[in-house]
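Novice: Fold the following and give me the result.
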Amino acid sequence: MERAHSARYPCFFGAICGLGPITSPTMLRTPVKMSNSPKLNPKTTLAFIHDLAAAGVAWYVAHLLRFNFEIPAPYMLAMLRDLLWIVPLQAAVFWKFGLYRGIWRYASLPDIKRILLAVAVAVVLPPLIMMMLRVTATPRSVLVLDPMLLVFLMAGSRLAYRAWKEHRLYGIMNLEAEPVLVLGAGDAAASLVKELSRGREWRVVGLLDDNPRKHGRLIQGVKVLGALDELPKWAAELSVGMAIIAMPSVNHAVRRRALQLCGAAGVKAMTVPAFSDLVSGKVTVATVRHVELDDLLGRDPVVLDDLGLHELLAGQSVMVTGAGGSIGSELCRQIAKFKPGCLVLFELNEYALYQIEEEFRQRFPDVRVVSAIGDIKNPRRLGEILGQYTPSVLFHAAAYKHVPLMEQQNAWEAIFNNVLGTCRLARAATEHGVKKFVLISTDKAVNPANVMGASKRLAEMVCQALQQEAQTRFVMVRFGNVLGSNGSVIPKFREQIAQGGPVTVTDPAITRYFMSIPEAAQLVLQAGMMGQGGEIFVMEMGEPVRIADLAKDMIRLSGYSEEEIRIVYTGLRPGEKLYEELLADDEHTVATPHPKLRIAQARSVGPQWLAGLLDSLPQQQGATDATAREWLREWVPEYVGGTNRVSSSAGVVRE
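Specialist: Here you go, the predicted model:
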């Protein structure tokens, strides 16, 4: 009987180990490949021995608890007999489940799950074998206590080792690190505290959050001290010189308030990356950075119709004019994500084209890129490029758009480029079968007070006129200022602050709409996909921002006070409006399926109007700027060039 049992057991034990039953000497000599087996090394051996000991201790302690620490002699003998085969059996299961591939120093929830599964299998097998071998029954309470003790010993020792190791590595270093407060007590804050505890630079001494239910609670061992408004108190009490804003998903108003509290408390403000960057995996929460203007003027992320854009762009030939500019280059980046068959970068500026081409070689090596230098006013070059690459979609971002430059000395150049250039490009697009033509317009085209805005309104009207007889679908998109674009106020402010000031603002009351460059480009794509032809899409721009407040924020973000960097008001420049409008006086909008896009119901024109416009253009070449403004008033009735809509005070220094 004993021999029968022993002969049956090795086959079962071999099956558990993944070897299968041994049936011939040949199989004994055949090496068995175990992909889950870790390589043997001293640490793996020690971990394996530890679990062997844990299995034995758990089995013994389970009997002690069952018999109130006085095990009867018969049960003691049975326990010792069972240990001889239960411990090797459980060890084989542990090995099979790959418990020794992990590193104890990084023990975490996946390791605990693996231990639970291994123990669950390991504790089911002994009763089955006992039943098969008709071994004396072990007390059922022992079979219940054994897995509980085994999990405690195996998982607890791993977590204890990790805690000890991390304390050795980071505990002493953190005592010398700079104390910081974390603003926010959510998931991002918890991850941040955990990551910073491993570093040498910062030591989190407390968290602040406006949720009263979190006050007094511990997050990663750090206490939530109170509300955000208590920052000055705790900064002084704990001798903190820096606070980290860990609220990536809150709106910009909350972030602005947090920054103001940091200023009031006299502490330096840092922040975690934006929520979109965290979700995309570009960065981790531990990538702490300085607060940027985008954080204060942030807007909700754009939700794109990816399926529709894939149909529009994927595998297609797409052309972007002005590809080296701020909006044009970002449009190219967004388009490249949809894997176009060919992306034609059309640009007049040689260096700008070189830069974007070099960037695309590194970032999008799988996208076929064509770099074409050319002028949108040159019909021969347009025909050559459009005929060779036959784009199905064309985004027209090339334009002269700097208001003061176009207002004086360059008025006719703005008209020829923005109006005549758009007309020639649009006609070439229709001749070469472009399916969709998207014009990048501006909010300055609404009740225009300057040459640039009036010329862009005429560009819109040119596309409206061509739409009536063309198969190409023309779509126009209006939006306001974008943060950090070439020639915008923000780079100018940065340069003035770097030089020690003063920062020049035209008027204390001047306001502008702002959005980020990626958001603008994404909405242009969305509008281009939705447009059926002839629509003027207006972007939802949020609330207008006072430029004076923008200047103050940038001074504060640069680490200066308003006493150190002055703000000087210089008065509105020629053609500049005190505020921008998104709709003309005789326009209204209708909703679209996208919450950030509406369609303006603008005055339309026909082919006869366009013919008259083009006939009048050549006669004006070489005329003065005053003549250009008179010509614009004739063709754009709402144009009020030469006068500012609201007066201002010049030469005023900040109070």
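
Novice: The stretch 351-500 of the chain: strands as residue ranges?
Specialist: 369-373, 393-396, 436-440, 473-478, 481-482 (DSSP state E, counting those that start in this stretch).

Novice: For the shortest one, what does the pLDDT average out to?
Specialist: I take that to be strand 481-482. For strand 481-482, mean pLDDT is 73.

Novice: same deal with stretch 416-430?
Specialist: Rounded mean pLDDT across stretch 416-430 is 96.

Novice: Now it - C-alpha only, CSV.
Specialist: C-alpha atoms of stretch 416-430 as CSV (Å, rounded to 0.1, in the frame of the first residue of the first chain):
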residue,chain,number,x,y,z
PHE,A,416,-2.9,91.8,-52.0
ASN,A,417,-1.8,88.9,-49.8
ASN,A,418,-4.9,88.3,-47.7
VAL,A,419,-7.5,89.0,-50.4
LEU,A,420,-5.9,88.4,-53.8
GLY,A,421,-3.7,85.6,-52.5
THR,A,422,-6.7,83.8,-51.0
CYS,A,423,-8.6,84.3,-54.2
ARG,A,424,-5.9,82.8,-56.4
LEU,A,425,-5.3,79.9,-54.0
ALA,A,426,-9.0,79.2,-53.8
ARG,A,427,-9.4,79.2,-57.6
ALA,A,428,-6.4,77.0,-58.0
ALA,A,429,-8.0,74.6,-55.4
THR,A,430,-11.2,74.4,-57.4
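
Novice: List just the one of the strands of the stretch 351-500 of the chain that sits closest to Leu52.
Specialist: Between Leu52 and the strands of the stretch 351-500 of the chain, the shortest gap by C-beta to C-beta is with strand 369-373, which sits at 61.2 Å. From N, CA and C alone the C-beta is placed, and that goes for glycine too.

Novice: which residues touch that closest one?
Specialist: With contacts defined as C-beta atoms under 8 Å, 6 or more residues apart in numbering, strand 369-373 is touched by 342-348, 350, 353-354, 356-357, 360-361, 385, 389.

Novice: hmm, back to that, CSV please, covering the strands of the stretch 351-500 of the chain and showing distance to Leu309.
Specialist: Shown next, in CSV, are the strands of the stretch 351-500 of the chain (distance: least, C-beta to C-beta, whole Å):
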stretch, distance to Leu309
strand 369-373, 19
strand 393-396, 10
strand 436-440, 12
strand 473-478, 14
strand 481-482, 20
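
Novice: Can you flag the weakest of these by average pLDDT?
Specialist: strand 481-482 (a mean of 73).

Novice: can you give me the strands in the stretch 101-250 of the chain?
Specialist: Using DSSP E, counting those that start in this stretch, strands in the stretch 101-250 of the chain cover 178-183, 202-208, 218-219, 222-226, 242-245.

Novice: Adjacent strands (with direction) for the longest one?
Specialist: In the sheet containing strand 202-208, its partner strands are strand 178-183 (parallel), strand 222-226 (parallel), by DSSP bridges.

Novice: Could you tell me which residues within the last one count as buried?
Specialist: The reference is to strand 222-226. The neighbour-count check on strand 222-226 (16 or more other C-beta atoms under 10 Å) flags Val222, Val224, Leu225, Gly226 as buried.

Novice: Now do that strand, average pLDDT.
Specialist: Computed over strand 222-226, the average pLDDT equals 90.

Novice: Other residues contacting it?
Specialist: With C-beta under 8 Å, 6+ apart, strand 222-226 has contacts from 181-182, 185, 193, 204-209, 214-218, 233-234.

Novice: how's this protein carved up into domains?
Specialist: 36-165, 177-291, 306-635 (automatic domain parsing).

Novice: Adding distance to Gly641, write the ones you listed out as a markdown table.
Specialist: Listed next are the domains of the chain as a markdown table, based on distance: least, C-beta to C-beta, whole Å:
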| stretch | distance to Gly641 |
| --- | --- |
| domain 36-165 | 67 |
| domain 177-291 | 35 |
| domain 306-635 | 5 |
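
Novice: Out of the ones you listed, name the one with the poorest average pLDDT.
Specialist: domain 36-165 has the lowest average pLDDT among the domains of the chain, namely a mean of 69.

Novice: Now render the strands of the stretch 101-250 of the chain as TSV, adding distance to Val121.
Specialist: Listed next are the strands of the stretch 101-250 of the chain as TSV, based on distance: least, C-beta to C-beta, whole Å:
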stretch	distance to Val121
strand 178-183	42
strand 202-208	41
strand 218-219	36
strand 222-226	39
strand 242-245	45
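
Novice: Report the buried members of the contacts of strand 222-226.
Specialist: 181-182, 185, 193, 204-209, 214-215, 234.

Novice: hang on, the earlier thing: can you pick the most crowded of the contacts of strand 369-373?
Specialist: Sorting those by how many neighbours each has (other C-beta atoms under 10 Å) puts Phe346 first, at 31 neighbours.

Novice: how about the helices of the stretch 151-300 of the chain, start to end?
Specialist: 172-175, 187-196, 231-237, 252-265, 275-280, 293-296 (DSSP state H, counting those that start in this stretch).

Novice: Same check on the stretch 301-450 of the chain?
Specialist: With DSSP H, counting those that start in this stretch as the criterion, the stretch 301-450 of the chain has helices spanning 306-313, 326-336, 350-363, 379-389, 403-407, 411-415, 421-431.
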